[in-house]
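Peer 1: I'll drop the sequence and a predicted model, then ask my questions.
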Amino acid sequence: MNTSIEETPLNEKIVFTLAEICQLSNFIYGEAWIPIPEENILQLSPNYYIAPDTEKQNLEEFKNSKPDFFISIQQFWVCSQEFIISRGEGLPGRVWLSKKPEWILDVTAKSEGYFLRNQIAKAFGIKTGFAVPVIADNQVLMVLAFFALDIRPKDFELLKIAMKETEKLANRLSTIAATGRYNKNRISYDGRLAQG
C-alpha cells in the first residue's frame, strides 16, 4: 500500500490494518468489532475491507469483474451489522474476553452458539475465519476478524504476523490518544476515538 498510515485519519488506519492483514494472509475479507465496555458488548464497525482478486487488480476492477462475489461479501457484512455480541460470545466476543487470537477452520460447521453468524456464512460462502485483538495498556480496543472462502488449516505464523500488525495499530491509536485530544480507552462505534 502506498499511503503512509501516519497521515491517515483513524478510520483509514483501521481499514489500512484490515487491508494489510488480508493481503498478508490472502484472506478475502476483514472487519472490526468495537467494544462498548459499559454495556459489555461489541458492535460491528463500519470499517471493513474486501480484498481484490489479485494484487494487480484495484477494488473498482474487482467489483466490475466479479460483481456477484463482491456483493456477496458486502451482504455478509450488512447482515452482520444486526449482531450485537457479548463478551465471550461468538468469535469476536471470545477474542475480546481471552485477549488472544482464535482460528476457526470452518465457521459453517460450528453451531450458532459457537459461531453466531454460521447461517449467514453458509449463505454467502464464508469458510475459515480468525480474529485477533488490538490491545493497548492491557485493554482490548477492538477485535479484527478475517474470513476466507475456502477451508484453511490453522496457521500459527499467520496469527503471529496478524498480532504484530494489531500491535502497530494499537501503538498508532495510543499515539493519537497521547496528544490529549482523544481518550484511548474508548473508540466509538464508527471507529473514531471518543473525545477525552
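Peer 2: Done, it's in. Numbering: from 1, shown residues only.

Peer 1: buried sites along the longest helix anywhere in the chain?
Peer 2: The residue-count maximum for a helix in the chain (DSSP state H) belongs to helix 156-178. For helix 156-178, burial by neighbour count (16 or more other CB atoms under 10 Å) applies to 158-159, 161-163, 165-166, 169-170, 172-173, 176-177. Where C-beta positions appear, they are placed from N, C-alpha and C, glycine not excepted.

Peer 1: which other residues reach the helix or strand containing G30?
Peer 2: Using DSSP states H and E, the element containing G30 is strand 29-36. Contacts of strand 29-36 with the rest of the structure, by CB atoms under 8 Å, 6 or more residues apart in numbering, involve 14, 18-19, 21-22, 41-45, 47-51, 73, 76-77, 80, 85, 87, 92, 96, 126, 131, 140-147, 187-189, 191.

Peer 1: which of these fall in helices?
Peer 2: 14, 18-19, 21-22, 73, 76-77, 80, 92, 96.

Peer 1: about what we covered before: pull the longest helix of the chain out as PDB, backbone CA atoms only.
Peer 2: Output of helix 156-178 as PDB, limited to C-alpha atoms (Å, rounded to 0.1, in the frame of the first residue of the first chain):
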ATOM      1  CA  PHE A 156       0.300 -20.100  13.700                       C
ATOM      2  CA  GLU A 157       2.800 -18.000  11.700                       C
ATOM      3  CA  LEU A 158       0.000 -16.000  10.200                       C
ATOM      4  CA  LEU A 159      -1.500 -15.400  13.600                       C
ATOM      5  CA  LYS A 160       1.800 -14.000  14.800                       C
ATOM      6  CA  ILE A 161       2.000 -11.700  11.800                       C
ATOM      7  CA  ALA A 162      -1.600 -10.500  12.400                       C
ATOM      8  CA  MET A 163      -0.800  -9.800  16.000                       C
ATOM      9  CA  LYS A 164       2.300  -7.800  15.000                       C
ATOM     10  CA  GLU A 165       0.000  -5.700  12.700                       C
ATOM     11  CA  THR A 166      -2.500  -5.200  15.500                       C
ATOM     12  CA  GLU A 167       0.300  -4.000  17.800                       C
ATOM     13  CA  LYS A 168       1.200  -1.400  15.200                       C
ATOM     14  CA  LEU A 169      -2.400  -0.200  15.100                       C
ATOM     15  CA  ALA A 170      -2.600  -0.100  18.900                       C
ATOM     16  CA  ASN A 171       0.600   2.000  19.000                       C
ATOM     17  CA  ARG A 172      -0.900   4.400  16.500                       C
ATOM     18  CA  LEU A 173      -4.100   4.700  18.500                       C
ATOM     19  CA  SER A 174      -2.100   5.300  21.700                       C
ATOM     20  CA  THR A 175      -0.100   7.900  19.900                       C
ATOM     21  CA  ILE A 176      -3.200   9.700  18.900                       C
ATOM     22  CA  ALA A 177      -4.600   9.400  22.400                       C
ATOM     23  CA  ALA A 178      -1.300  10.800  23.800                       C
END
